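Colleague: how does the following fold in three dimensions:
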Amino acid sequence: MMYHMKKIIPHDEVIELPKCMYHVKNPNENLNTSEIDINISDQVIKVLKAPNIKMTELEHRQDVLLKKLDVLYERIKTISSICTFSDKQASTKAGVQSIPTPDEVVLNINPDSLPWYLNVFLKDSSIVANISWHIHSSVPNEKVPKIKAFVKNLKNASDATKINLRLIFKSVSADPELKLSTLAVPIVGNVNILRYLSLVYPSVLPYDYNDYNMDGLLDLCYLLEKTTDKNKEPIILKLFTQSKDWICKGRFSIVDIAAYNVIKQIKNRPKSVPQDWFNKCEKLCLMMQIK
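Modeller: Numbers count the residues shown, from 1 in each chain. This next block holds a predicted model:
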């Protein structure tokens with residue numbers, strides 16, 4: 001026989017709820033039978049079949065984007081077909097004709113880097129230029145005779161001409177600058193000036209801007225101009241590696257004049273420069289015909 005225990009919590013008594021609290025509805029009351037009998041798989045199927053608004057919007061945006069990409073692809077195909085030319089010479093001529101001939105040109109020149117190539121263009125009968133020149137106060141007096149000898153060699157027209165060429169010699173910048181009224185910024189560097197003049201006057205100096213080998217050799221000429229005299233020898237050897245009579249593919253071109261203009265400025269000319277090639281370039285720049 002065990003001891004009789006006193007009830008701690010009486011379950012039989014009626015609990016009186018206080019009237020000062022909120023009444024909570026019983027969640028098990030008033031449930032539909034369909035909601036009670038539904039199982040987990042039915043719930044998953046119901047969720048999957050429900051329309052997803054965000055996914056629908058995303059699919060719609062994707063369709064619109066794909067349509068735009070199709071239109072863009074067709075435009076690119078059209079542009080590429082227009083830009084593709086079977087004949088490179090025809091494209092070169094078309095590009096040259098789009099560059100107008102300037103009426104007035106200002107060329108800022110450093111006395112240590114004279115543009116010996118000017119006579120190549122001035123000696124052409126179709127180019128008649130009225131040349132005026134000035135010496136800036138920054139130029140030392142000992143360099144004035146060199147400037148006067150250079151200007152004296154240029155072909156000048158005294159009559160009324162179409163082109164006014166102003167040469168300003170100053171020792172401010174090492175690179176020459178070609179200034180045009182049609183350009184907001186000047187063309188800097190002898191090689192780039194030669195490129196521009198060759199495009200404006202394609203019959204004077206052969207230059208095919210679609211020829212990557214020719215442009216690569218012009219870049220070497222630009223590098224040669226920027227390199228000190230002690231380090232010019234390797235670049236000169238690279239320039240004349242495949243040359244016969246002329247540097248680029250055995251034919252006279254803009255590369256020969258660009259290379260000559262740099263080598264002409266070197267005080268002690270390297271022995272790797274072919275003498276015959278140098279003489280022919282010098283005769284051309286001194287208004288004499290090539291033999």
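
Colleague: the helices in the stretch 101-250 of the chain, which residues?
Modeller: Secondary structure of the stretch 101-250 of the chain (DSSP state H, counting those that start in this stretch): helices at 118-122, 144-152, 190-200, 212-226, 232-239.

Colleague: contact partners of stretch 3-17?
Modeller: Residues outside stretch 3-17 that contact it (CB atoms under 8 Å, 6 or more residues apart in numbering): none. (C-beta placed from N, C-alpha, C; glycine too.)

Colleague: can you do 10 Å?
Modeller: Residues outside stretch 3-17 that contact it (CB atoms under 10 Å, 6 or more residues apart in numbering): H23.

Colleague: mean pLDDT for the helices of the stretch 101-250 of the chain - can I get that in TSV?
Modeller: Listed next are the helices of the stretch 101-250 of the chain as TSV, based on pLDDT from 0 to 100:
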stretch	mean pLDDT
helix 118-122	85
helix 144-152	88
helix 190-200	90
helix 212-226	90
helix 232-239	90
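
Colleague: can you say which of those is nearest to S132?
Modeller: Nearest to S132, of all the helices of the stretch 101-250 of the chain, is helix 144-152, at 9.9 Å by CB to CB.

Colleague: need the contact list for the residue nearest to S253 when sequence neighbours are not counted.
Modeller: Spatial nearest neighbour of S253, excluding adjacent residues (CB to CB, 6 or more residues apart in numbering): P206 at 4.6 Å. By CB under 10 Å, 6+ apart, P206 lies in contact with 92, 198, 214, 248, 251-256.

Colleague: of these, closest to N164?
Modeller: S198 (20.6 Å).

Colleague: wait, S253 sits on M214?
Modeller: Yes. The criterion here is CB atoms under 10 Å, and S253 meets it with M214 at 6.4 Å.

Colleague: okay, and the common contacts of these two?
Modeller: Joint contacts of S253 and M214 (CB under 10 Å, 6+ apart) are 206-208, 247.

Colleague: what's the neighbour count on E177?
Modeller: Residues near E177, counting by other CB atoms under 10 Å, number 19.

Colleague: meant to ask about I263
Modeller: Residues within reach of I263, counting by other CB under 10 Å, total 22.

Colleague: again with V188
Modeller: Neighbour tally, V188, other CB under 10 Å: 14.

Colleague: that one touches K226, doesn't it?
Modeller: No. Counting by CB under 10 Å, V188 does not reach K226; the two are 11.8 Å apart.

Colleague: overlap in contacts, those two.
Modeller: Common neighbours of V188 and K226 (CB under 10 Å, 6+ apart) are D175.

Colleague: rewinding a little: in CSV: the shared contacts of S253 and M214, plus pLDDT and distance to R75.
Modeller: Below are the shared contacts of S253 and M214 laid out as CSV (pLDDT from 0 to 100; distance: CB to CB, whole Å):
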residue, pLDDT, distance to R75
P206, 87, 36
Y207, 89, 32
D208, 87, 29
I247, 90, 42
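
Colleague: closest one of those residues to E282?
Modeller: I247 (15.0 Å).

Colleague: just give the nearest non-adjacent residue to the closest one, would you?
Modeller: Nearest to I247 is V255, by CB to CB, 6+ apart, at 4.8 Å.

Colleague: mind listing what the one you found touches?
Modeller: 191, 194, 205-207, 211, 213-218, 220-221, 239, 243, 246-249.

Colleague: filter the residues you listed to the buried ones?
Modeller: Taking 16 or more other CB atoms under 10 Å as the criterion, what is buried in the contacts of V255 is 191, 194, 205-207, 211, 214-215, 217-218, 220-221, 239, 243, 246-248.

Colleague: excluding sequence neighbours, find me the nearest residue to R166.
Modeller: Of all residues not flanking R166 in the chain, V106 sits nearest, at 4.7 Å (CB to CB, 6+ apart).
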